[in-house]
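**Q** following is a predicted model, sequence given first.
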Amino acid sequence: MQNKIKQLITDALKNLNIEVSEIVVEHPADLNRGDYSTNVAMAVAKSIKANPKELAEKIITEMLRLNLDNNIEKMEVAGFGFINLHLSRKFFSRSVEEILNEGDGVGGNDALKGKKIMVEYTDPNPFKPFHIGHLMTNAIGESVARILEHSGVSVFRANYQGDIGLHVAKAIYGLLNNSKFQEKSGSVFSQSENIGKAYSEGAGLYETDEKAKKEIDEINKKLYDKSDEKINEIYDWGFKVTMEAFEDLYKILGTKFEFYFLESQMAPIGEEIVRTNIGKAAGPDGGRIFEESDGAVVFKAEKHDSKLHTRVFITSQGLPTYETKELGLTEEKFKTVPDMDLSIVVTANEQMEYMKVVAKSISLIHPEYESKMKHITHGMMRLASGKMSSRKGNVITGESLIRDTIALVTEKIKDHDWDEEKKEKVAQHVGVAAVKYSILKQSTGGDIAFDFEKSISFEGDSGPYLQYSYARANSVIEKAKKEDILPDPHAFPPEIFEVEKLLYKFPEIILRAASEYEPHYIATYLIELARSYNSFYGNTIIVDKKDITSSYKVALTFAFSFVMKKGLYLLGIEVPERM
RNA sequence: GCGCCUGUAGCUCAACGGAUAGAGUACUCGUCUUCGGAACGAGUGAUGUGGGUUCAAUUCCUGCCGGGCGCACCA
């Protein structure tokens, strides 16, 4: 529709002998102003020395003459010279019909059809707790993946695990130091929780206790060369348990990864790349890629871009750093998926600067990858009471947050007349929705202020509110079935409901979310949509045998439920039929 | 110090350079005869600050003030 309007404006301007380089057609913020608006009159008024309002009138007259389409009801001049277009009743009923025909494919597009994109996200480390940052990364990554898929992309979900390094040694020290953490009788969840505690203890002692620090460094070496039977045994158990616990969580969260990359395996690949590129000249000024400095192998990125800085890739002790592993990972990714169009990595923004340096080094070695790497960063969870730190003991793990929220929902629905299995499922879906929505409702970049009571809401601007609206529409549909009222998009009443003015915008919202990698456009759209449906519901009797337009209202309800279900799916949220 | 990000109602967040800056929450009042009150309706309340560009600036540029992150052998 937008393109049709643009064409109409272009033709009108042509007939008036007015040249415009770019025509902007957008939706007015206020639905009452119209469905589309354009600012062309104001944009060109000055250059052709015309009064914007008069010019707008002229353009409208010309557009009316050219308009043979019955989609546009009327056009008018408003404000300083905006041209507002109102779409016709027929247009809206047709768009409702279209949604009903599309069914599950609603809102989809093939803008990126055939593209292969890998999305790496979540990245929790074995032996460490699954914290809130992982939850944020997971929610954003999963949603971006789904949005891309709905735009025709073949998405490959990847997860990168730090299976080796000092953090593992710290956890193992904690486990050795305190054998109660090695209790193997409980669930995978409680075992991994204990390992998380062991890690915290080890990490704390590493900072404060000289003796412990020495021992941990010792364990770290043994881990690398696998020389200690006992440590190997604990490692194997701990790795398995924490990874299984992550999988349990992924099931609840609705994520399934195709690829798992392990740091320990990326290290030698990256090291090989670094070593073969030491001393090689690169870049316009002939700066080197990697060079030796103080016994370490470094990349002086500032030589290539003044905003970047030097980073160590191989330490003076000969150990590869995270940068090197990332280098190996990137190359491995492009090998794993041949002809990949884009490799996306989602992480917290504290890694932004260092990723730029790594990306620079990669693009010097593989110039063809430069435009195929994309780093999406999100903010940190801020706690009302100050920053989270494991030493202060105020860390809320992502795992416990999810489970606490689900428990809250369970309490809420405990009196429902359902079997336990259904209660558990609904509680999970609603709990996950509450958490995910609170993360996805705002644009990715910024920090999220976290307050359990306030952030995890079930009312108003919340995930459960959206699910509730869906469940409610579902009840309406069931009642219509009982009364034998079939949906009919042609039996429309003269008035146009607000829901309809939002429903047809769904595809363009998805397109925008996909092109900017921003799930929040969908979240804010769904809230607006749910609000309009609830308002419609409150002011209208939808299922009413005496009303000949009832079948249209039922059709509208179907359309709403299709869009809501798909929209929530794109956010990684399931919809319960009842709640 | 340098670089990147950021500053919008009391609080948590929106606004592709456009019109009267939108929601939620909190607070006040109202809706409970239809199909689910996790709801609906109404009210109170905001662009950190000084310049600049533009027909038009929360948005772009710039000075200042405040917050976050990063800046060599951690990840």
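**A** Received, thanks.

**Q** show me where the stretch 51-200 of chain A has helices.
**A** A:52-66, A:89-102, A:132-149, A:166-177, A:188-208 (DSSP state H, counting those that start in this stretch).

**Q** can you give me the angle whichever helix or strand comes after the longest one makes with helix A:166-177?
**A** This points to helix A:188-208. Counting by DSSP states H and E, the next helix or strand C-terminal to helix A:188-208 is helix A:210-225. If you take axes from the mean of the first three to the mean of the last three CA atoms, to 10 degrees, helix A:210-225 sits at 110 degrees to helix A:166-177.

**Q** extract the C-alpha set from helix A:210-225 and format it as CSV.
**A** Presented in CSV, the C-alpha positions along helix A:210-225 are these (Å, rounded to 0.1, in the frame of the first residue of the first chain):
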residue,chain,number,x,y,z
GLU,A,210,47.6,-16.0,48.3
LYS,A,211,47.8,-19.7,49.0
ALA,A,212,44.5,-20.4,47.2
LYS,A,213,45.5,-18.4,44.2
LYS,A,214,48.7,-20.5,43.8
GLU,A,215,46.7,-23.7,44.0
ILE,A,216,44.1,-22.5,41.5
ASP,A,217,46.8,-21.5,39.1
GLU,A,218,48.3,-25.0,39.6
ILE,A,219,44.9,-26.6,38.9
ASN,A,220,44.6,-24.5,35.8
LYS,A,221,47.8,-25.9,34.4
LYS,A,222,46.7,-29.4,35.3
LEU,A,223,43.5,-28.8,33.5
TYR,A,224,45.3,-27.8,30.3
ASP,A,225,47.6,-30.8,30.2
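
**Q** thinking again about what came up before, next, format the helices of the stretch 51-200 of chain A as CSV and append mean pLDDT.
**A** Formatted as CSV, the helices of the stretch 51-200 of chain A follow (pLDDT from 0 to 100):
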stretch, mean pLDDT
helix A:52-66, 92
helix A:89-102, 96
helix A:132-149, 95
helix A:166-177, 93
helix A:188-208, 89
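
**Q** mind checking which of these is nearest RNA strand B?
**A** helix A:166-177 (4.7 Å; CB to the nearest atom of the strand). Heads up, the C-betas are built off the backbone N, CA and C, glycines and all.

**Q** contacting residues around the closest one?
**A** Residues external to helix A:166-177 that are found in contact with it (CB atoms under 8 Å, 6 or more residues apart in numbering): A:125-128, A:162, A:181-182, A:195, A:197-203, A:205-206, A:212, A:215-217, A:219-220, A:223, A:231, A:234-235, A:238.

**Q** for A:I456, what are its contacts?
**A** Contacts of A:I456 (CB under 8 Å, 6+ apart): A:401, A:405, A:408, A:434-435, A:438.

**Q** quick one on the thing from earlier: turn the helices of the stretch 51-200 of chain A into TSV, including mean neighbour count and distance to A:Y322.
**A** TSV is the format used below for these (neighbours: other CB atoms under 10 Å; distance: least, CB to CB, whole Å):
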stretch	mean neighbour count	distance to A:Y322
helix A:52-66	18	57
helix A:89-102	18	45
helix A:132-149	25	16
helix A:166-177	23	11
helix A:188-208	20	17
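
**Q** export those helices to JSON lines and tack on distance to A:Q428?
**A** Formatted as JSON lines, these follow (distance: least, CB to CB, whole Å):
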{"stretch": "helix A:52-66", "distance to A:Q428": "53"}
{"stretch": "helix A:89-102", "distance to A:Q428": "28"}
{"stretch": "helix A:132-149", "distance to A:Q428": "15"}
{"stretch": "helix A:166-177", "distance to A:Q428": "29"}
{"stretch": "helix A:188-208", "distance to A:Q428": "14"}
